[in-house]
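> what's the 3D shape of this:
(chains A and B)
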Amino acid sequence: MTDRSWLPLLRRYGSVVVLALVVVVASVAFDTFATFDNFRNIAIQSSFPAIVALGMTFVIISGGIDLSVGSVFALGGVVAAYGSRWGTVPALGLSLGIAGVFGLINGLLIARTRLAPFIVTLATLLAGRGLLLSITEEGSHTYLVPRDSFFTLLGQGSIFGIGFPVWLTLFLFAVAGIVLHHTGFGQCTFAVGGSEEAANLMGLPVVRTKIGVYLLSGLLAGLAGALNAARLSSGVTILGVGLELDAISAVVIGGTLLAGGSGHATGTLAGVLLLGVIQNSINQIGTLNSSYQAVISGLFLVVVITVQTALGERRTR
Amino acid sequence: MADAQRVDRARILAWLQDYGVYIAVGALLLVNALITPNFFSVANIQTQAVQVAPVVIVALGMALVIGTEGVDLSVGSSMALAAAVLPLYLGYGAGVAIAVALAAGAGAGLVNGALVAFVGIQPILATLALLVGGRGLALVVADGQLKQIENPALLSLGAEDIAGIPILVAFALVLTLGVAFLVKKTTFGRHLVAVGDNRVASQLAGLPVGRVLVGVYVLSGLFAALAGVLASARLTASDPSSIGNLIELSAITSVVVGGTPLSGGSIRVVGTVMGALLMQLLRATLIKHDLPDSAGQMTQAVIIVLAVYLTRERAT
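The predicted structure is shown next:
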């Protein structure tokens, strides 16, 4: 029995191990990979999907899924750029406000009417894109962030040479880890994902928990969009398409089960970084075009979920 | 008294679920007959039908998958794969090229089906991998390039019509009949619905669950590939980078709006076609009256939620 005890550990921290392996291999293979500048690039590029994937981690642990994050990310960026003319607080307030409304609508529809999360968030994906188009003159108008404003600093500033979004991402993951494992909300999220019926019978606030996770996912997606707009100095309307799929991939690669009830934030961070490092390594090769990145990501996803499914089955036997 | 009211309410909901999409399509047609000039001209009807045909073909495959309580996110990538291999084999004739393109789609479906049926991966994840990887593979195969199609036999599929019915539309019509027959009259169809209704019970009853699941995903891949071939013929180009982008969302929407529950065990073939038609008519109506695309997307969102809400009531 005890000789099998490493299996759950591998399932849990497999993504961290694979990330370490890929980094070592890439460092040996490419001269320009293991440099401070390159690591800094990977970190800043991964920070925005990481924030989105963090919200997705909560949703997936609760047994749901949130397809609307890509739309909310883009929408958050556009309204943040729009609001930035009045200062940083209106910029962040507007984007978090709208993102929060989307999260709340998702949560209310899913928790109260018990509609399938997949379909509800598919509808809000469309609604979010529609709203985005309608406030940007059908996508033809790009709102710019005023130069030298404090808001741009949120995306472009750095502390100790590392971009501010990276620090914020690390902080959010640390907080999320504590919330997941050491608060009532976190424990309820696991319980609801494990068995909604059991959670209900135990008298846990199932509806409130579900609304909470979708609200959180919306808010984080909006925040990531706002930070990205600050970094780019504009609210680019075409961003975020397919972001929900990247986020789901990262969460699953990180060892969170799509069935719900099990998962952790550290794995998600490793999953996002893994996808970022793979993309970066392919760019290092130079002769390979970016299509290979998609092929490798897809293959990688198949291998990870196959191994996970196999390990998961063994555990339950 | 209260009981009778509840029965009435349930009956109305069930009726709406069955016929709501027909009423909506009928209402939209009526509105257009009154307010849109030339809406019922032959040219416009042909245009609308040709535009909706690829979505209908993909949605028919999707309906089969959703009938087994699954979902196929990879249909757009299967279209791209088919479009990418098409020009490579046109040298051997249009027939060979189309056969290879369809085989590529069936192969993609085989991978999905095997992952779902034999590895036991959730459909949304298994097909997500192919959604990500499939388009990448298509771009690698095509070297990232858009290629013009000049083969006259292939081009005729997208441009010509038989007795006023464009060939593309004829394909969609024939496939609709074929799928309806498959679901209602064949053993495979019966098994499919049983597996969607209760997979464990089907297994215990000795039904070939694995084979049914693989078959369903292969059909979905095959249909998507066919849509890819036809759409490329219509475009007169193979464009793997943009063909079928986000079509999985349109297809799922059509199926759900058509009254097929996501929980499996029931398939509405004609409803699916009507669902696709409803979305197309909605878009066309808005465009003809210079209303922005954004309004269309928001209306679609409301229709989806409404449709699923009605389906849910029946399930409980």
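> which ones are touching the residue lying closest to B:Gln17 once chain neighbours are set aside?
In space, and not counting its chain neighbours, B:Gln17 is closest to B:Leu310: 4.7 Å by Cβ to Cβ, 6 or more residues apart in numbering or on different chains. Where you see a C-beta, it was placed from the backbone N, CA and C, and this is true even at glycine. Contact analysis of B:Leu310 by Cβ atoms under 8 Å, 6 or more residues apart in numbering or on different chains lists B:Leu13, B:Leu16, B:Gln17, B:Gly20, B:Gly259.
> out of those residues, which is most surrounded?
When neighbours are taken as other Cβ atoms under 10 Å in any protein chain shown, the top entry among the contacts of B:Leu310 is B:Gly259 (25 neighbours).
> what sits against A:Ala191?
A:Ala191 sits in contact with A:Ala198, A:Ala199, A:Met202, A:Leu204, A:Gly261, where contact means Cβ under 8 Å, 6+ apart.
> next: A:Gly130.
B:Asp293, B:Ser294, B:Ala295, B:Gly296, B:Gln297, B:Met298, B:Gln300, B:Ala301.
> and the helices in the stretch 201-317 of chain A?
A:206-232, A:243-253, A:265-285, A:291-316 (DSSP state H, counting those that start in this stretch).
> possible to save those as JSON lines with mean neighbour count?
Formatted as JSON lines, the helices of the stretch 201-317 of chain A follow (neighbours: other Cβ atoms under 10 Å in any protein chain shown):
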{"stretch": "helix A:206-232", "mean neighbour count": "26"}
{"stretch": "helix A:243-253", "mean neighbour count": "26"}
{"stretch": "helix A:265-285", "mean neighbour count": "22"}
{"stretch": "helix A:291-316", "mean neighbour count": "18"}
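> gap between the residue nearest the centre of chain B and A:Leu227?
By Cα atoms, centre = their mean, chain B has its centre lying nearest to B:Ala59, at 1.1 Å. To A:Leu227, B:Ala59 is 38 Å away according to Cβ to Cβ, to the nearest Å.
> least reliable of the helices of the stretch 201-317 of chain A going by mean pLDDT?
The stretch with the lowest mean pLDDT among these is helix A:291-316, at a mean of 72.
> run the chain-centre distance for that one.
Chain-centre distance of helix A:291-316: 19 Å, with Cα atoms, centre = their mean, to the nearest Å.
> returning to that earlier point: tell me the buried residues in the host helix or strand of the residue nearest to the centre of chain B?
Using DSSP states H and E, B:Ala59 falls within helix B:42-67. By neighbour count with 16 or more other Cβ atoms under 10 Å in any protein chain shown, helix B:42-67 contains the buried residues B:46, B:48-50, B:52-67.
> try stretch A:254-265
A:Gly254, A:Gly255, A:Thr256, A:Leu257, A:Leu258, A:Gly260, A:Gly261, A:Ser262, A:Gly263, A:His264, A:Ala265.
> out of the residues you listed, which are close to chain B?
A:Leu258 (Cβ under 8 Å from any Cβ of the partner chain).
> re earlier: can you select the buried ones from the contacts of A:Ala191 in ChimeraX?
Buried residues within these, by 16+ other Cβ under 10 Å, are selected in ChimeraX with:
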select /A:199,204,261
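> chain B: which of the contacts of A:Ala191 is nearest?
A:Gly261 (13.8 Å; Cβ to the nearest Cβ).
> quick one: contacts for the closest one?
With Cβ under 8 Å, 6+ apart, A:Gly261 has these contacts: A:Ile61, A:Gly63, A:Phe190, A:Ala191, A:Gly193, A:Gly194, A:Ser195.
> 6 Å instead?
A:Gly193, A:Gly194 (Cβ atoms under 6 Å, 6 or more residues apart in numbering or on different chains).
> and it, its phi and psi?
phi 90, psi -10 (degrees, to the nearest 10).
> contact partners of stretch A:99-107?
In contact with stretch A:99-107 (Cβ under 6 Å, 6+ apart) are residues A:72, A:76, A:120-121, A:124, A:210-211, A:214-215, A:217-219, A:221-222.
> likewise stretch A:167-174?
A:Ser47, A:Ala50, A:Ile51, A:Ile159, A:Ala265, A:Leu269.
> same thing with stretch A:214-232?
Stretch A:214-232 has contacts (Cβ under 6 Å, 6+ apart) with A:48, A:51-52, A:54-55, A:58-59, A:66, A:69, A:72-73, A:76-77, A:80-81, A:92, A:95-96, A:99-100, A:102-104, A:106-107, A:151-152, A:154-156, A:165, A:235.
> show the buried residues in those.
Buried among the contacts of stretch A:214-232 by 16+ other Cβ under 10 Å: A:48, A:51-52, A:54-55, A:58-59, A:66, A:69, A:72-73, A:76-77, A:80-81, A:92, A:95-96, A:99-100, A:102-103, A:106-107, A:151-152, A:154-156, A:165, A:235.
> what angle do helix A:206-232 and the one helix or strand A:Val101 maps to make with each other?
With elements taken from DSSP H and E, the one containing A:Val101 is helix A:88-113. Between helix A:88-113 and helix A:206-232, the angle comes out at 150 degrees (axes from the mean of the first three to the mean of the last three Cα atoms, to 10 degrees).
> quick one: helix A:88-113 to chain centroid distance?
Centroid displacement of helix A:88-113 relative to its chain, using Cα atoms, centre = their mean, is 16 Å.
> fine, thanks again, bye for now.
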